[in-house]
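Participant: Fold the following, please.
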Amino acid sequence: MSGLGLGGRVAALWLLAATAAAAEAEAIEAGRAIAEARCASCHAVGQSGESPLPPAPPLRALHHRYPVEHLAEALAEGMAVGHPAMPEIVLEPPEIDAFIAFLQSLEPAD
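Facilitator: Purely as a prediction, here's the structure:
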């Protein structure tokens, strides 16, 4: 970028930011699709609404329990919880990134 004038540098930075924002939006939508396909039968997956299975916490509340980025290892190795109703969940690395991006998008902005 050093050969660009100020306007060119601003345009290049804007393009990089726009590309990153588009990639983040894509990841969130991919994560939403995973949540709807794999989680929505028990958990509320949106910004509002009750979970279809009352003991299952809404996904938007998970960040109250722990940092959602800490789920990455569990999702890669096979997430299992202490009750038999929840099936084991195993995701591939790109799916994990997308799912966590979606969960983070549910957290309120600071």
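
Participant: Please state the mean pLDDT value computed over the helix or strand Ala35 falls within.
Facilitator: Per DSSP states H and E, Ala35 falls inside helix 6-38. For helix 6-38, mean pLDDT is 82.

Participant: do the same with stretch 75-90
Facilitator: 74.

Participant: how far does that stretch stretch from start to finish?
Facilitator: 5 Å (C-alpha to C-alpha, to the nearest Å).

Participant: Dihedrals phi and psi, the nearest residue in space to Ala27 that is not next to it in sequence?
Facilitator: Among residues not flanking Ala27 along the chain, Ala101 sits closest, at 4.1 Å (C-beta to C-beta, 6 or more residues apart in numbering). The way it works is simple: take the backbone N, C-alpha and C, and place the C-beta from them, glycine included. Backbone torsions of Ala101, given as degrees, to the nearest 10, read phi -60, psi -40.

Participant: Repeat that for Ala76.
Facilitator: Note on Ala76: backbone dihedrals following degrees, to the nearest 10 are phi -80, psi -40.

Participant: Give the helix, strand or coil label for the nearest residue to it once chain neighbours are set aside.
Facilitator: Nearest non-adjacent residue to Ala76, counting by C-beta to C-beta, 6+ apart: Ile96, 6.0 Å away. Three-state assignment for Ile96 (DSSP: H, G, I helix; E, B strand; the rest coil): helix.

Participant: Give me the neighbour count for Ile96.
Facilitator: Using other C-beta atoms under 10 Å, the number of residues around Ile96 comes to 20.

Participant: which ones are touching it?
Facilitator: Each residue near Ile96 by C-beta atoms under 8 Å, 6 or more residues apart in numbering is listed here: 71-72, 75-76.
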